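1. Turn this into a model:
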Amino acid sequence: MELIGKKILVMGLARTGVACCRFLAGRGASVTATDMRDEAALGKVLQELSGSGIRFVLGRHDEADFLGSDLIVVSPGVPMDHPLLARATGAGREIVSEIELASRFIEAPLVAITGTNGKTTTTTLCGEIFKASGFTTYVGGNIGDPLIEADLQAKAVVVEISSFQMEWINSFRPKVAALLNISEDHLDRYATYQDYINAKLRIFENQTADDFAVLNMDDPLVWQYAESLKARVFPFSRKHELPEGIYCLDREIIYRHNGKESRFPTAGFKLQGVHNLENIMAALACALLLGCDAEKSLACVRDFGALHHRMEFVREVGGVGYYEDSKATNVGSVVKALESFESITLIAGGKDKGGSYAPLAVLVGERVRHLVLIGEAAERMNDELGSLTDTRKATSMEDAVRLAAELTEAGGTVLMSPACSSFDMFRDYEHRAKAFIAAVQALPSC
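-> Sure thing, here's the model as predicted:
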């Protein structure tokens with residue numbers, strides 16, 4: 001793709017937009033960057049991009065910039081139905097996402113991983129497996145560094161991809177694309193659940209029979225699309241033995257492909273929980289399909305620990321284990337967490353994202369002894385789940401932890417897995433996690 005002299009508009013100056021500006025200006029494009037925030041709010045960004053020859057339009061968007069550009073690069077936070085993007089589309093202007101732009105310059109095999117839950121763990125582990133097998137590897141996308149900053153000399157590129165990032169693709173084509181699971185999420189962004197599903201499925205849109213689609217066979221919503229894909233489907237499962245694919249049976253992961261088989265005993269894995277077993281299988285499949293060594297892969301998986309804020313053990317007090325799962329911002333993620341424990345006191349709630357809490361009902365009834373609700377979603381969660389178990393409300397995270405400690409008997413588990421975003425009470429999920437950890441650490445030892 002030739003960039004020299006091209007008039008390119010970058011819409012949005014968050015981290016991805018800044019990276020795009022730097023990349024495009026460095027390759028000779030005539031770049032205009034626009035953001036609704038003003039100079040005072042973007043002072044650090046302006047300093048970072050100073051001297052790059054970029055023209056800035058701040059505190060507003062000018063229609064002339066959209067209609068006069070050869071290419072528009074849209075940051076993931078900008079909704080597709082923005083009126084200026086609609087006018088630009090009508091005028092025949094090309095609009096792309098950052099991952100679409102980046103993919104046009106990447107020659108290495110691309111592994112792209114999406115799903116409602118588990119993306120970050122799977123992507124990070126997959127990248128580590130490639131590195132352990134001797135590949136120079138770039139890991140990024142929706143985690144860490146934007147794809148546009150990828151090392152073009154890398155032999156493997158592994159990226160986490162969100163539904164937002166796939167809204168403006170047209171040729172983005174991973175050699176291996178994985179869909180881990182689908183559950184309701186981001187209904188504050190998408191008009192319908194199907195719109196969200198369709199955005200996820202775009203990861204397979206440009207694949208051919210030379211590519212692989214790694215699919216969770218145990219997720220009916222994922223598996224129903226298997227026959228419609230052009231790529232070679234490679235399933236993973238915790239429930240079914242597979243002649244071709246990767247599955248788990250009797251504490252052993254078995255990988256079968258093209259008549260060959262590799263076995264990976266799960267004893268000694270640091271990653272625990274049924275959700276992480278699925279993440280491990282998906283990561284192994286993506287890496288092994290592109291030539292990673294089985295023995296080195298197994299050693300890598302054994303040494304890989306849980307990422308922060310994903311069912312992370314905090315402390316044991318009086319025979320009760322406290323686990324922090326602040327990254328569980330949707331119902332599907334909480335389902336996996338509840339499947340991993342018994343006798344649970346669940347701390348949940350936050351900013352409601354519009355989905356139903358009904359998928360939690362059976363597990364709450366079976367495994368949750370006490371439900372402690374916080375945040376804006378507390379009333380709605382109480383309406384949908386409160387009758388299923390002993391349910392209380394708390395005014396703060398500290399209050400919730402204190403109440404959970406009083407309610408939970410020795411042998412039980414206190415799990416903070418909110419099923420909601422954090423923005424009603426906290427800056428982000430990390431801030432929420434720190435509040436929970438601090439409250440747990442403040443509990444008196446028994």
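
2. looking at this, residue 197 is in a strand?
-> No. Under the criterion used here (DSSP: H, G, I helix; E, B strand; the rest coil), residue 197 is helix, not part of a strand.

3. contacting residues around it?
-> Taking CB atoms under 8 Å, 6 or more residues apart in numbering, we find residue 197 in contact with 182, 221. For glycine as for every other residue, the C-beta is placed from the backbone atoms N, C-alpha and C.

4. Could you check the pLDDT of it?
-> We have a pLDDT of 94 for residue 197.

5. Also the one 3 residues further on?
-> With respect to pLDDT, residue 200 scores 95.

6. How about the contacts made by it?
-> Per CB under 8 Å, 6+ apart, neighbours of residue 200: 114-116, 163, 166, 179, 182.

7. ok, and for the helix or strand hosting it, which residues are buried?
-> Element membership of residue 200 [criterion: DSSP states H and E] is helix 193-201. Within helix 193-201, the residues that count as buried by 16 or more other CB atoms under 10 Å are 193, 196-197, 199-201.

8. quick one: which of those is nearest residue 378?
-> The closest of these to residue 378 turns out to be residue 193 (CB to CB; 23.4 Å).

9. pLDDT wise, what is the closest one at?
-> The model's pLDDT for residue 193 equals 90.

10. do the same with residue 446
-> 62.

11. go on, residue 25?
-> pLDDT for residue 25: 97.

12. looking at this, it is in a strand?
-> No. Applying three-state DSSP, one finds residue 25 to be helix, outside a strand.

13. That one and residue 375, how far apart?
-> According to CB to CB, to the nearest Å, residue 25 and residue 375 sit 42 Å apart.

14. Looking at these two, which is more packed in?
-> Comparing residue 25 with residue 375 by other CB atoms under 10 Å, the one with more neighbours is residue 375, at 27 against 20.

15. who's in contact with the residue most central in space within the chain?
-> For the chain, the residue nearest the mean C-alpha position is residue 119 (4.2 Å; CA atoms, centre = their mean). For residue 119, the contacting residues are 113, 142-143, 160-162, 180, by CB under 8 Å, 6+ apart.

16. quick check, nearest of those residues to residue 442?
-> residue 143 (30.7 Å).

17. mind checking the SS state of the closest one?
-> What three-state DSSP gives for residue 143 is coil.

18. my guess is it contacts residue 125, does it?
-> No. Contact between residue 143 and residue 125 fails when scored by CB atoms under 8 Å: they sit 11.8 Å apart.

19. Regarding residue 323, which helix or strand does it belong to?
-> According to DSSP H and E, residue 323 maps onto strand 320-324.

20. what lines up beside that strand in the sheet?
-> strand 312-317 (antiparallel), strand 413-416 (parallel) (DSSP bridges).

21. And that strand, how far out from the chain middle?
-> When C-alpha coordinates are averaged (CA atoms, centre = their mean, to the nearest Å), strand 320-324 and its chain have centres 23 Å apart.

22. Can you give me the buried ones in the helix or strand following it?
-> Toward the C-terminal end, the helix or strand that comes next after strand 320-324 (DSSP H and E) is helix 331-338. By 16+ other CB under 10 Å, the buried positions in helix 331-338 come out as 331-338.

23. so can I have TSV of those residues showing distance to residue 19 and pLDDT?
-> Output for those, formatted as TSV (distance: CB to CB, whole Å; pLDDT from 0 to 100):
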residue	distance to residue 19	pLDDT
331	32	91
332	30	85
333	28	85
334	32	92
335	34	89
336	32	83
337	33	87
338	37	91
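
24. you'd agree residue 182 is in a helix?
-> No. Under three-state DSSP, residue 182 falls outside any helix and is assigned coil.

25. Tell me who's in contact with it.
-> 115-116, 197, 200, 219, 221-222, 332 are the contacts of residue 182 under CB under 8 Å, 6+ apart.

26. Low-confidence regions, this protein specifically.
-> Applying pLDDT under 70 to the chain flags residues 306-307, 446.

27. let's go with 50 and repeat that
-> By pLDDT under 50, the chain contains no weakly predicted segment.

28. Can you spell out the domain ranges of it, please?
-> By the record's domain assignment, the chain is partitioned as 7-92, 101-303, 312-441 (automatic domain parsing).

29. Span of the last one from start to end?
-> Domain 312-441 has an end-to-end distance of 14 Å (CA to CA, to the nearest Å).

30. Residue for residue, what is the longest helix the chain has?
-> For the chain, the longest helix by residue count, based on DSSP state H, is helix 274-289.

31. ok, the closest residue to residue 329 other than its chain neighbours - how many residues close by?
-> Leaving aside its chain neighbours, residue 329 sits nearest to residue 421 (5.2 Å; criterion: CB to CB, 6 or more residues apart in numbering). Residues lying near residue 421 (other CB under 10 Å) number 22.
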